[in-house]
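Asker: whatever this is, show me its structure:
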Amino acid sequence: MAGRAALVTGSSRGLGLLIARELARRGCSVLLCARDEEELASAAEMLRGEAAPVTYLACDVTDKHAPQRLVAAAHEAFGGLDILVNNAGVIQVGPLSAMTEADFRDAMETMYFAPLRLVLAAVPALRERGDGRIVNISSIGGRVAAPHLLPYVGAKFAAAGLSEGLRAELAAEGISVTTVLPGLMRTGSHTAARFSGRPSKEYAWFAVAAGLPGLSMDAERAARAVVRAAAQRRPELVLTPVAKAAVRLHGVAPATTTRVLTLGARLLPAAGEAPRRNVPGRVAARGAHSTALHRLTRLNDRAARRFNQQPS
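Answerer: Numbering: from 1, shown residues only. Below is the predicted model:
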């Protein structure tokens with residue numbers, strides 16, 4: 001991987017930041033991309049001193065001009081582009097009755113159409129280098145539709161399908177495509193997710209699930225696995241034992257999987273009489289504060305601080 005140029009979207013924090021760091025440690029020049037310039041500057045500072053140069057460009061990947069700007073920035077900084085990692089995403093948590101069509105469109109724009117546009121813009125550059133690699137970060141939610149995450153899982157299903165189709169079509173051009181299906185990871189994303197319905201109750205179950213050892217995975221291990229899969233040009237990577245088991249169960253017994261999910265949905269909070277919408281995790285956490293919750297989310301809270309998830 002040494003000497004290659006990489007672009008990683010959603011790389012100011014969390015998994016994207018860790019993937020960028022791992023690429024830099026392997027000798028890749030890395031272009032970071034996210035919406036918030038201050039967070040990007042902080043992320044670039046965290047990666048300073050790694051084995052290869054790191055630069056950044058603040059932009060919204062859903063902007064129709066963003067793909068051309070990013071590919072041009074990679075050419076200007078590194079002379080070309082070898083690796084594209086589509087990682088940018090948004091997590092919306094809550095029951096269907098608290099969601100609107102706008103939530104679904106936001107998810108699709110961020111996690112399906114934005115990666116699609118970026119791939120279309122990047123393919124000529126990747127083809128020119130002769131050994132291009134695309135990594136699309138989908139989710140276990142792109143194979144098994146977990147309740148209270150419908151905008152997210154709908155977009156991730158679409159992204160997974162796109163990614164598999166791209167691998168088949170681009171292989172003849174020397175471009176490999178790796179689809180990554182992570183399960184829960186301790187990235188600190190619970191602080192940046194948006195919660196609807198009864199936000200504090202939704203935050204409580206999501207934060208606990210995302211931080212429990214055994215159910216969730218260490219994010220640094222996940223980032224190493226993602227970069228290793230890209231280096232090996234693997235077609236697919238499923239992360240966490242629970243995610244692997246869920247994919248296999250869904251494959252051999254889809255009706256049983258749906259029944260399990262139905263039972264799980266009944267245990268989750270109802271929207272309530274006056275549902276709230278899109279409350280940031282940091283705000284939802286204030287109403288869910290308890291000693292027990294703090295203990296159960298300690299590892300994920302620590303990850304939020306380490307991986308640039310906390311606000312400036």
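Asker: contacts and neighbour counts: CA atoms only from here.
Answerer: Will do.
Asker: return the helix or strand in this structure with minimum mean pLDDT.
Answerer: helix 291-296 (a mean of 86; mean pLDDT, DSSP states H and E).
Asker: which strands and helices sit next to that one?
Answerer: helix 199-211 (3 or more C-alpha pairs under 8 Å, 6 or more residues apart in numbering; DSSP states H and E).
Asker: and the contacts of the very next helix or strand once past the helix it packs on?
Answerer: Counting by DSSP states H and E, the next helix or strand C-terminal to helix 199-211 is strand 217-218. With C-alpha atoms under 8 Å, 6 or more residues apart in numbering as the test, strand 217-218 has contacts from 183, 184, 185, 186, 187, 239, 240.
Asker: most neighbours of all the residues you listed, which one?
Answerer: residue 187 (32 neighbours; other C-alpha atoms under 10 Å).
Asker: ok, now which ones touch that one?
Answerer: 14, 15, 218, 219, 300, 303, 304, 307.
Asker: what does residue 160 give?
Answerer: 136, 138, 142, 143, 179 are the contacts of residue 160 under C-alpha under 8 Å, 6+ apart.
Asker: got a markdown table for the residues you listed, with secondary structure, pLDDT and neighbour count too?
Answerer: Conversion of these to a markdown table gives the following (DSSP: H, G, I helix; E, B strand; the rest coil; pLDDT from 0 to 100; neighbours: other C-alpha atoms under 10 Å):
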| residue | secondary structure | pLDDT | neighbour count |
| --- | --- | --- | --- |
| 136 | strand | 98 | 27 |
| 138 | coil | 97 | 30 |
| 142 | helix | 96 | 23 |
| 143 | coil | 95 | 21 |
| 179 | strand | 98 | 28 |
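Asker: do you know how far residue 44 is from residue 192?
Answerer: Noted for residue 44: a distance of 20 Å to residue 192, by C-alpha to C-alpha, to the nearest Å.
Asker: correction: the previous question concerned residue 245.
Answerer: For residue 245, the distance to residue 192 - C-alpha to C-alpha - is 27 Å.
Asker: which one of those two has more residues nearby?
Answerer: Legend: neighbour count by other C-alpha under 10 Å for residue 245 and residue 192, higher for residue 192 (20 against 12).
Asker: returning to what we had before: roughly how far out does the next helix or strand after the least confident helix or strand of the chain sit from the chain middle?
Answerer: Remark: after helix 291-296, the chain's next helix or strand is helix 298-306, criterion DSSP H and E. Taking C-alpha atoms, centre = their mean, to the nearest Å, the mean C-alpha location of helix 298-306 is offset from the chain mean by 17 Å.
Asker: buried set for helix 298-306?
Answerer: Neighbour-count burial for helix 298-306 flags 298, 299, 300, 301, 303, 304 (criterion: 16 or more other C-alpha atoms under 10 Å).
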